[in-house]
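Undergrad: have a look at this prediction, sequence included:
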Amino acid sequence: MSETGTAPPRVDEDHGLRRTLGFRDLVVYGLLFIAPMAPVGVFGTLDARSHGAVALVYLVATVAMAFTAFSYAQMVRVVPRAGSVFAYARVGLGKEAGFVAGWMAMLDYLLIPAVAYLFSGIAMEALVPQVSRWVWTALAVVVTTLLNLWGVRPAAKVGFVVLALEIVVLLVFVVSASVVLAREGAERGWLSPLSGDGTQGAFAVSAVIGAVSVAVLSYLGFDAIASFAEEVTGGSRQVARAVLFCLGLAGALFVAQTYLVALLEPVSSARLAAEPARQGTAFYDAVDTSVGTWLHDLVAASKALGAAFAALAGQAAAGRLLFAMARERRLPRALARTDSGVPRAALLCAAVITMVAAVWAARRADGLDHLVSVVDVGALTAFTLLHASVVGWFAVRRRGGPVSWWRHVLLPVLGAAITLAVIVEASPEAQVVGAVWLAIGVVVLVGQALRKGPSGG
């Protein structure tokens, strides 16, 4: 029985998805999508924006995202269906709001893997410069798409091996950095990663908040776990546990590694701010200078492999979202087909769109900047609707039993306030892209309503 008092639909049998994933598999998908060393690519940008308080940025971002994780945990227990936020907003706020939530989440679920594939291509080009980054990027798309088409369980097994390798590399970095710091001391003050390095003036809360709007990009992916709700064997509570566990573990890893690398960073945050070209390689440069080229190459190789498999998890989640929206006739019905329990049509559609975006960006000098600047606004809008769905389902419709005012009202309202604040702090380019994508979605929604007519379902 669900928390609503009625038995949940047998969605795995009715719609072709199979329950084969356990708690470990969910954690693997979540951590793969997030990537244990996600801060590597954005460390320099965050260090410059936060005036050196980069570890504090990730600490604040973890707390901010915890509200969203808690809302996911609330809703997945009562709506254990593929599509996650699309399904939650649909029951909590109505079918139209559900479409908007799914539409906005779709923007990120298609673009975040493109960013990850591009990170993989950039890292591989650094190791093998004779081959262009766009070739590596396209190859990563092909390989991971084939794994996803093979099935969710086999992909999770391969992903577990890759995740284990990533964590080993991260541990090597932590140990190596700790040894260097113990022997030679820190380049910056020991508390500077939490209070700033002082080279851009006094500590500024606004600078930290502005950097948080970029740091949340590192966390996007823990929510994708909810997309596999119809394929987990242990019930929806397993999904809720996995969401919270992944966010907490990722936050701890992010704070630890950015604290250490900030202490090793010989370049001040003021200089990084004045020379943006240094920001993209700041993490690698600090490791190269303080520890050695061998660790630089090891981290680069791990980033190349890890980013490709982060994209694998993102592509899998995107396929489930497209599948769920098509099943409810919000997207072409062909995307709702499954083959041996795998939504292959939806996965191929997601792969094609992601391939186009990733290769386009890989062939442009400013491609990464364009992608990174716009990928988070869709997810943040969907998160805002997620928080509203908790209030709508539990407090307004009162469908989840007795109302807990702190769990069902206070926490989701605070969570929505945080996501809205981050949207306001996002880049103008991201806001424009988000607004245009939302406008297109509204046009599609109106078109569907007119096509159904007054008697349409």
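TA: Sure thing, it's come through. In this text the structure is predicted, and so the values were computed from the model without any measurement. Residues are numbered from 1 along each chain as shown.
Undergrad: residue 444 is in contact with residue 103, isn't it?
TA: Yes: in this structure, residue 444 is within contact of residue 103 by Cβ atoms under 8 Å, at 7.4 Å. Every C-beta, even on glycine, is put in place using the N, C-alpha and C of the backbone.
Undergrad: comparing the two, which residue is more hemmed in?
TA: residue 103 (24 against 14; other Cβ atoms under 10 Å).
Undergrad: where does the more buried one fall, secondary structure wise?
TA: helix 95-127 (DSSP states H and E).
Undergrad: buried residues, the next helix or strand along the chain from that helix. List them.
TA: Next along the chain after helix 95-127, taking DSSP H and E as the criterion, comes helix 133-150. Neighbour-count burial for helix 133-150, counted by 16 or more other Cβ atoms under 10 Å, picks out 133-134, 136-141, 144-145, 147-149.
Undergrad: and if you look at stretch 55-64?
TA: Buried residues in stretch 55-64, counted by 16+ other Cβ under 10 Å: 55-62, 64.
Undergrad: what mean pLDDT does that stretch have?
TA: Mean pLDDT, computed over stretch 55-64, is 92.
Undergrad: before we move on, what about stretch 22-35?
TA: On average, the pLDDT along stretch 22-35 is 80.
Undergrad: go on, stretch 279-289?
TA: pLDDT averaged over stretch 279-289 gives 83.
Undergrad: same thing with stretch 320-340?
TA: 81.
Undergrad: for that stretch, how far is the first residue from the last?
TA: End-to-end distance for stretch 320-340, by Cα to Cα, to the nearest Å: 15 Å.
Undergrad: name the residues of it that come out as buried.
TA: For stretch 320-340, a neighbour-count test (16+ other Cβ under 10 Å) marks 320-328, 330-331, 335-338 as buried.
Undergrad: mind pulling up the pLDDT for residue 15?
TA: 46.
Undergrad: ok, and the closest non-adjacent residue to residue 254?
TA: Closest residue to residue 254 in three dimensions, ignoring its sequence neighbours and counting by Cβ to Cβ, 6 or more residues apart in numbering: residue 58, at 4.3 Å.
Undergrad: how about low-confidence regions in the stretch 251-400 of the chain?
TA: The stretch 251-400 of the chain contains residues with pLDDT under 70 at 366, 369, 372-373, 400.
Undergrad: all helices for it, in order.
TA: All helices of the stretch 251-400 of the chain, identified by DSSP state H, counting those that start in this stretch, fall at 269-274, 282-290, 293-327, 344-362, 367-374, 376-390.
Undergrad: which of the buried residues of helix 133-150 sit farthest apart?
TA: Pairwise distances among these were taken by Cβ to Cβ; the largest, 24.6 Å, belongs to 133 and 149.
Undergrad: nearest residue to residue 330 in space, please, no chain neighbours.
TA: In space, and not counting its chain neighbours, residue 330 is closest to residue 99: 5.3 Å by Cβ to Cβ, 6+ apart.
Undergrad: would you confirm that the one you found contacts residue 441?
TA: Yes: using Cβ under 8 Å, residue 99 is in contact with residue 441, at 7.1 Å.
Undergrad: got CSV for the helices of the stretch 251-400 of the chain, with distance to residue 113 too?
TA: Shown next, in CSV, are these (distance: least, Cβ to Cβ, whole Å):
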stretch, distance to residue 113
helix 269-274, 28
helix 282-290, 22
helix 293-327, 4
helix 344-362, 5
helix 367-374, 11
helix 376-390, 13
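Undergrad: related to what we said a few turns ago, what's the residue nearest to residue 330 in contact with, if anything?
TA: Residues near residue 99 by Cβ atoms under 8 Å, 6 or more residues apart in numbering: 86, 90, 325, 330, 441, 445.
Undergrad: what separation is there between the residue nearest the centre of the chain and residue 64?
TA: In the chain, the centroid-proximal residue (Cα atoms, centre = their mean) is residue 220; its distance is 1.8 Å. Distance check for residue 220 against residue 64: by Cβ to Cβ, to the nearest Å, it reads 12 Å.
Undergrad: still on that earlier bit, quick one: the closest residue to the residue nearest to the centre of the chain other than its chain neighbours from residue 38, how far?
TA: Nearest non-adjacent residue to residue 220, counting by Cβ to Cβ, 6+ apart: residue 379, 5.2 Å away. Here the distance between residue 379 and residue 38 works out to 14 Å (Cβ to Cβ).
Undergrad: one more: residue 168?
TA: Residue 168 sits 16 Å away from residue 38, taking Cβ to Cβ as the criterion.
Undergrad: of these two, who's got more company?
TA: Shown here are residue 168 and residue 38; by other Cβ under 10 Å, residue 38 has more neighbours (27 against 12).
Undergrad: contact partners for the more buried one?
TA: 217-219, 250, 254, 310 are the contacts of residue 38 under Cβ under 8 Å, 6+ apart.
Undergrad: and residue 378, by the same measure?
TA: 104-108, 111, 434, 437.
Undergrad: just give me the least confident of the residues you listed.
TA: residue 108 (81).
Undergrad: what is the neighbour count of it?
TA: Residues lying near residue 108 (other Cβ under 10 Å) number 30.
Undergrad: I'd assumed residue 371 was in contact with it.
TA: No: if you go by Cβ under 8 Å, residue 108 and residue 371 don't touch, sitting 11.0 Å apart.
Undergrad: what number of residues lie near residue 210?
TA: Neighbour count of residue 210, defined by other Cβ under 10 Å: 18.
Undergrad: so it sits in a helix?
TA: Yes: applying DSSP: H, G, I helix; E, B strand; the rest coil, one finds residue 210 inside a helix.
Undergrad: mind starting the numbering at 845 from now?
TA: Sure, I'll start counting at 845 from here, so that last one is residue 1054.
Undergrad: I'd like to know how far it sits from residue 1269.
TA: Per Cβ to Cβ, residue 1054 is found 6 Å from residue 1269.
Undergrad: and the helix or strand containing residue 869, what does it pack onto?
TA: Using DSSP H and E, residue 869 falls within helix 867-878. The contact analysis (3 or more Cβ pairs under 8 Å, 6 or more residues apart in numbering; DSSP states H and E) places helix 867-878 against helix 996-1028, helix 1080-1108, helix 1137-1171.
Undergrad: change it to 10 Å
TA: With contacts defined as 3 or more Cβ pairs under 10 Å, 6 or more residues apart in numbering; DSSP states H and E, the packing partners of helix 867-878 are helix 939-971, helix 996-1028, helix 1080-1108, helix 1137-1171.
Undergrad: and those helices: which comes nearest residue 895?
TA: Between residue 895 and the helices and strands packed on helix 867-878, the tightest spacing by Cβ to Cβ is seen for helix 1080-1108, at 11.4 Å.
Undergrad: what angle do the closest one and helix 1126-1134 make?
TA: 50 degrees (axes from the mean of the first three to the mean of the last three Cα atoms, to 10 degrees).
Undergrad: tell me the buried residues in helix 1080-1108?
TA: Buried residues in helix 1080-1108 (16+ other Cβ under 10 Å): 1080, 1082-1091, 1093-1095, 1097-1108.
Undergrad: thank you kindly, that will do.
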